[in-house]
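Participant: sequence first, predicted model second:
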Amino acid sequence: MTIDGQAEAFLEMLAAERGAAANTLAAYAADLEDFQGFLRAHGVSAMAADASHVAAYVRGLFDAGLAARTQARRLSSLRQFFLFLLREGRRTDNPMADFASPRLSKALPKYLSEGEVTALFAAARELPGLPGLKAVAGLEILYATGLRVSELLALPAPALSTDAQMLLIKGKGGKERMAPLSDPAKQAAAELRAAMAEKKPAPRYLFPGRDPREPMTRQGFALLLKQVAIQAGLDPDRLSPHVLRHSFASHLLAHGADLRSLQKLLGHADIATTEIYTHVLAERLQKLVNALHPLAK
């Protein structure tokens, strides 16, 4: 990776002051590397780049056919980078000040039906050995709590081993929140932990990887879920840890939860992020009107 000292200082700030996760830092680094590669090709540094260089870079993103969402993410990275340079006194201006991000359409979250989730649980229980125990525990915890996959895989080995009804989660930016636990999730975690009790060295994580001292990788867990999907007769491309998070949220709303409660459970800093699930509320209200309004009969 080829980035200059200014970009390195920016990434260090994100890690130290905002508690940015490794994946977030990697995404910022890739965006800045792409931009700085463009600048080097034009004989300019980030410290000397002006609005015309940014405009040329943006045109290049559009001409390359990048999706609007990818363009918006690149511009967001640059906007924060130049704002950092301005606040640190490394620049006296912000060449991103007048650039607007591409307008994005709000994509509806992909989620499973309640019947499909039930089929997944049944299929996971049929998987033999440790993979089956990991699949059941992962599904039980994700669907009961709405955790992000990074939060799930970071759970220490003793997690869910007490009588506590709530789980303390450290989410994005180091922010903590409480997630309610279900008895089946705690039972699945106990069975997984018991199966690993004799392993040496003792696993540090509830979902250990091939090296028991390290957590299972996101890719490894996603592949396990796809195996479960195939076993359940579902299209594996429809299933991912994030789809389970969306299913958790959508099903809660469908059964009467409110957006504010859901915001807390999901760990969203802004209620606007949670509002992507309002399609479920709209469907529920439509059914309510159809069932109860006198003119609907």
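Facilitator: Received, thanks.

Participant: now Leu167: phi and psi?
Facilitator: As for Leu167, its main-chain torsions (degrees, to the nearest 10) stand at phi -120, psi 130.

Participant: swap that for Ala72, sorry
Facilitator: phi -60, psi -40.

Participant: all strands of the chain, in order?
Facilitator: Using DSSP state E, the strands found in the chain span residues 166-170, 176-180.

Participant: give me the below-cutoff pLDDT ranges for the protein.
Facilitator: Across the chain, the ranges flagged by pLDDT under 70 are 1-2, 100-108, 279-285, 288, 292, 295-297.

Participant: can you pull up the most central residue in it?
Facilitator: Nearest to the geometric centre of the chain sits Arg148, at 5.3 Å (CA atoms, centre = their mean).

Participant: list the contacts for it?
Facilitator: 171-172, 241-242, 245, 267 (CB atoms under 8 Å, 6 or more residues apart in numbering). Any C-beta I mention is one placed from the backbone N, CA and C, and that applies to glycine too.

Participant: can you flag the buried ones in these?
Facilitator: Among the contacts of Arg148, those classed as buried by 16 or more other CB atoms under 10 Å are 171-172, 241, 245, 267.

Participant: residue ranges of the helices in the stretch 1-150 of the chain, please?
Facilitator: 5-17, 22-41, 51-63, 68-87, 114-126, 129-145, 149-153 (DSSP state H, counting those that start in this stretch).

Participant: got those as CSV, with distance to Gly256 and mean neighbour count columns?
Facilitator: Shown next, in CSV, are those (distance: least, CB to CB, whole Å; neighbours: other CB atoms under 10 Å):
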stretch, distance to Gly256, mean neighbour count
helix 5-17, 38, 15
helix 22-41, 34, 16
helix 51-63, 43, 14
helix 68-87, 32, 18
helix 114-126, 14, 16
helix 129-145, 17, 22
helix 149-153, 25, 21
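
Participant: let's have these in a markdown table, adding distance to Ala159.
Facilitator: Converted to a markdown table, the helices of the stretch 1-150 of the chain look like this (distance: least, CB to CB, whole Å):
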| stretch | distance to Ala159 |
| --- | --- |
| helix 5-17 | 25 |
| helix 22-41 | 20 |
| helix 51-63 | 42 |
| helix 68-87 | 32 |
| helix 114-126 | 19 |
| helix 129-145 | 9 |
| helix 149-153 | 10 |
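
Participant: ok, and for stretch 265-280, which residues are buried?
Facilitator: Of the residues in stretch 265-280, 265-268, 274, 276-277, 280 count as buried by neighbour count, 16+ other CB under 10 Å.

Participant: what lies in contact with that stretch?
Facilitator: 106-109, 145-146, 148, 169, 171-173, 175, 177, 179-180, 245-246, 249-250, 252-254, 259-260, 262-263.

Participant: which of the residues you listed are buried? Put it as a ChimeraX command.
Facilitator: Buried members of these, defined by 16+ other CB under 10 Å, are picked up in ChimeraX with:
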select :109,145,146,148,169,171,172,177,179,245,246,249,250,252,253,254,262,263
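
Participant: and of the strands of the chain, who's closest to Leu206?
Facilitator: Relative to Leu206, the nearest member of those by CB to CB is strand 166-170, separated by 11.1 Å.

Participant: for that closest one, list every residue counted as buried.
Facilitator: Using 16+ other CB under 10 Å as the test for burial, strand 166-170 gives 167, 169.

Participant: what packs against it?
Facilitator: Counting contacts by 3 or more CB pairs under 8 Å, 6 or more residues apart in numbering; DSSP states H and E, strand 166-170 is packed against strand 176-180.

Participant: what strands line up against the strand it packs on, and which way round?
Facilitator: Here strand 176-180 is paired, per DSSP bridges, with strand 166-170 (antiparallel).
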